[in-house]
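Participant: What follows is a predicted protein model with its sequence.
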Amino acid sequence: VLLQASGGGLVQPGGSLRLSCAASGSIFSINVMGWFRQAPGKEREFVVAITWSGDSTLYVDSVKGRFTISKDNVKNTVYLQMNSLKPEDTAVYYCAAGAFGPRGPYAYWGQGTQVTVSS
């Protein structure tokens, strides 16, 4: 399974960004896709996940009401719409995929995409 993430950038506080993660290869083995992030000097943390069927999502409390995960089954792509961004959302965001549920484990990882929230 290959994961290709895109969509990061620089945005002002309160702004929005949309990340994309396209999956290819043995996607039949995927049951869940998610996003993690790692800020400078901090450990990587879980952000959000969605099952391949789209019937279940899981969000970390700090992004609830601001971030929305969705997926396009035709394009095999997961999107992360990030609104009301805060400086503390600054991090490298990684998409991941796994064969189990939203809580993992995740076996496949894409390259990171930088999100910087700053005025």
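Facilitator: Nice, thanks for sending it over.
Participant: Spatially central residue for the protein, please.
Facilitator: The residue lying closest to the centre of the chain (C-alpha atoms, centre = their mean) is Trp35, at 2.6 Å.
Participant: Tell me the pLDDT of the spatially closest residue to it that is not a sequence neighbour.
Facilitator: Using C-beta to C-beta, 6 or more residues apart in numbering and skipping residues adjacent in sequence, the residue nearest Trp35 is Val47, 4.5 Å away. For glycine as for every other residue, the C-beta is placed from the backbone atoms N, C-alpha and C. In this model, Val47 is scored at 98, pLDDT.
Participant: the strands in the protein, which residues?
Facilitator: 2-6, 9-11, 17-24, 32-38, 45-51, 57-59, 67-72, 77-82, 91-98, 108-109, 113-117 (DSSP state E).
Participant: got a list of what the nearest residue to Leu3 once chain neighbours are set aside touches?
Facilitator: Spatially, and ignoring its direct neighbours in sequence, Leu3 is nearest to Gly110 (3.2 Å; C-beta to C-beta, 6+ apart). Applying C-beta atoms under 8 Å, 6 or more residues apart in numbering, one finds that Gly110 lies in contact with Leu2, Leu3, Gln4, Ala5, Cys21, Tyr94, Cys95, Ala96.
Participant: could you redo the last one with a cut-off of 7 Å?
Facilitator: Gly110 makes contact with Leu3, Gln4, Ala5, Cys21, Tyr94, Cys95, according to C-beta atoms under 7 Å, 6 or more residues apart in numbering.
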